[in-house]
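Peer 1: Sequence and predicted structure below; questions after.
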Amino acid sequence: GVFPFVALLLLQRRLVAGRALLVNGPGVGCPINSLCRSNVYEQTRKQVALLNATAQDLFNLYLKCQGEPFSSETDKLCNPNGFYFPDFHEDRMSEKEVMVAMYKLFAFLNASLGNITRDQEELNPTAKELLDRLHNTTKTTRGLISNLTCLLCKNYNIFQVDVRYGLSSKGKSAFKKKQQGCQVLRKYVQVISHAARILLPHLSPA
């Protein structure tokens with residue numbers, strides 16, 4: 001397929017306070033050998049498996065910390081239908097297309113986790129367990145993005161991927177911030193097991 005591109009290495013971005021920030025240092029093309037660790041496939045498999053294993057617990061803890069009416073009206077308030085989330089279909093997708101789709105998914109998730117964490121630090125500053133879980137999930141996601149960046153460069157010489165990010169919750173009411181986080185995490189639970197099933201077979205050294 002043909003992908004519209006923005007810089008992946010030069011402009012690998014995450015949405016924080018409604019604006020995109022430069023994450024990686026400048027570089028042109030794919031400095032392949034300097035990017036990849038020797039255990040990149042094993043490390044990436046572990047990161048995907050960890051995110052898959054902890055997604056439901058993170059969502060449950062998030063719900064608990066938001067209180068009512070989120071606990072009793074979860075299906076209504078956290079329904080992600082109509083809420084943008086990167087889509088992917090494994091049917092007739094090449095390995096390269098799978099890797100690009102996964103990069104888009106986890107880049108979106110990383111940006112969304114940044115928004116959710118910022119909001120929860122404001123709304124629930126004493127919810128240590130939730131904040132720790134959010135920080136740990138974000139850390140794992142960033143590591144996964146770094147490894148996917150490496151693999152896209154190494155295997156396909158791709159260093160630019162068009163990534164669409166979700167809307168920032170900055171300036172919204174406390175209720176809307178809670179609801180947006182709830183919608184994102186519920187959709188995350190729905191797609192992560194599917195994403196892991198698609199991605200894991202492609203994470204073996206060539």
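Peer 2: It's in. Residues are numbered from 1 along each chain as shown.
Peer 1: Could you pull up the contacting residues of the nearest residue to Ala174 once chain neighbours are set aside?
Peer 2: Nearest residue to Ala174 in three dimensions, chain neighbours excluded: Leu123, at 5.8 Å (CB to CB, 6 or more residues apart in numbering). For every residue, glycine as well, the C-beta is placed using N, CA and C. Shown in contact with Leu123 (CB atoms under 8 Å, 6 or more residues apart in numbering): Ala174, Lys177, Lys178.
Peer 1: If we use 10 Å, what do you get?
Peer 2: Contacts were defined as CB atoms under 10 Å, 6 or more residues apart in numbering; by that measure Leu123 touches Cys65, Gln66, Ala174, Phe175, Lys177, Lys178, Gly181.
Peer 1: can you tell me which of those are in helices?
Peer 2: Within the contacts of Leu123, membership in helices is found for Cys65, Gln66, Ala174, Phe175, Lys177, Lys178, Gly181, as judged by DSSP state H.
Peer 1: Show the buried residues in those residues.
Peer 2: Burial by neighbour count, 16 or more other CB atoms under 10 Å: within the ones in helices among the contacts of Leu123 this picks out Cys65, Gln66, Lys177, Lys178, Gly181.
Peer 1: Of these, which pair is most distant in space?
Peer 2: Across these, no pair lies farther apart than Cys65 and Lys177, at 12.6 Å, counting by CB to CB.
Peer 1: joint contacts of those two?
Peer 2: Residues touching both Cys65 and Lys177 by CB under 10 Å, 6+ apart: Gln120, Leu123.
Peer 1: which residues in the protein form strands?
Peer 2: When assigned using DSSP state E, the strands of the chain occupy the ranges 13-16, 19-22.
Peer 1: Pick out the shakiest of the ones you listed, pLDDT-wise.
Peer 2: Mean pLDDT per stretch puts strand 19-22 lowest among these, at a mean of 28.
Peer 1: how many other residues sit next to Asn60?
Peer 2: One way to gauge burial is a neighbour count; for Asn60, by other CB atoms under 10 Å, it gives 13.
Peer 1: Surely it touches Glu129?
Peer 2: No. With contacts defined as CB atoms under 10 Å, Asn60 does not count as touching Glu129, sitting 11.3 Å away.
Peer 1: So Leu105 sits against Ala195, correct?
Peer 2: Yes. Counting by CB under 10 Å, Leu105 does reach Ala195; the two are 6.0 Å apart.
Peer 1: overlap in contacts of those two?
Peer 2: Pro86, Phe88, Tyr188.
Peer 1: dump the residue contacts of the last one.
Peer 2: By CB under 10 Å, 6+ apart, the contact set of Tyr188 is 51, 55-56, 58-59, 80, 85, 105, 108-109, 112-113, 137, 195.
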